[in-house]
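>>> task: produce atomic coordinates for the following.
(one chain, ligands or ions: 2)
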Amino acid sequence: MENLNEKEILENGLDVDTTKEGSVKWKLGLKKPDYISWDEYFMYMALLTAQRSKDPSTQVGAVIISREKIIVGCGYNGMPIGCDDDLMPWRRDSENTLENKYFYVCHAEMNAILNTNSNVSIRGGIMYTTMFPCNECAKMTEVVYLKDKYFDKQETQASKKLLQIAGINFRQFLSNRKTLTLSFE
Ligand SMILES: Nc1ccn([C@H]2C[C@H](O)[C@@H](COP(=O)(O)O)O2)c(=O)n1
Ligand SMILES: [Zn+2]
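Ligands and ions are numbered 1, 2, ... in the order given. Model (predicted):
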């Protein structure tokens with residue numbers, strides 16, 4: 001490798017060092033090669049948004065983009081506006097269902113839809129979500145999901161049926177990149 005010149009390195013696909021400093025491509029004035037894809041960008045945004053959730057067991061994030069790839073709404077699973085997070089139940093297994101979160105919590109995907117500006121149409125857009133959306137939340141947009149944790153639940157099955165009948169695509173997010181490190185330092 002040391003004896004190869006820059007042209008040979010590029011021709012042989014050997015430009016393995018993708019840092020700005022080390023990359024032959026960078027030195028030759030070509031674009032930075034290791035940028036994240038649109039899918040990765042929006043799914044990372046969904047994962048970041050999920051970090052705002054107060055749910056102790058499951059944090060979900062969703063990002064809706066327009067046809068032009070403009071983010072038009074973001075949301076995470078949480079209690080409705082006006083309900084103090086500290087006063088609401090976060091349990092999942094009480095025998096008294098009123099003491100569980102499920103009747104109260106608003107899904108990430110629904111929050112993302114509610115957070116869109118009313119002038120903006122999400123029709124024809126894409127919803128990136130860290131979990132497959134339920135039947136209440138799968139509306140009008142293509143779905144790209146990270147996990148299908150509740151694939152066996154009727155809500156998920158109904159959701160897939162709805163999307164299929166409406167001819168709306170859904171697909172699982174795939175990437176070779178496993179992590180992205182961000183730092184304030
Ligand atoms: N597609 C989904 C599915 C679930 N959620 C929310 C609702 C709850 O806060 C939580 C699920 O709780 P678990 O039963 O896993 O303890 O996730 C959502 O926002 N979107
Ligand atoms: Zn939902």
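>>> element containing residue 118?
Following DSSP states H and E, one finds residue 118 outside all helices and strands.
>>> any idea of the pLDDT on it?
The per-residue pLDDT reported for residue 118 equals 77.
>>> any idea how far it is from ligand 2?
20 Å (Cβ to the ion, to the nearest Å). (Each C-beta comes from the backbone N, C-alpha and C, glycine too.)
>>> do residue 74 as well
Counting by Cβ to the ion, the gap from residue 74 to ligand 2 is 15 Å.
>>> the helix or strand that residue falls within and ligand 1 in contact?
Using DSSP H and E, residue 74 maps to strand 71-76. No. Residues of strand 71-76 contacting ligand 1 under Cβ under 6 Å from any ligand atom: none, with a closest distance of 7.3 Å.
>>> which is the next helix or strand following that strand?
helix 108-114.
>>> what parts of this structure come near ligand 1?
Counting by Cβ under 6 Å from any ligand atom, the residues of the chain near ligand 1 are 55, 57-58, 60, 77, 92, 101, 105, 107-109, 131-134.
>>> and for residue 129, the neighbour number?
32 (other Cβ atoms under 10 Å).
>>> okay but residue 139 is in contact with residue 113, surely?
Yes. Using Cβ atoms under 8 Å, residue 139 is in contact with residue 113, at 6.6 Å.
>>> can you list contacts of stretch 133-148?
Identification of contacts with stretch 133-148 by Cβ atoms under 8 Å, 6 or more residues apart in numbering yields 39, 42-43, 46-47, 62, 64, 107, 109-110, 113, 122-132, 153, 155-156, 158-159, 162-163, 168-173.
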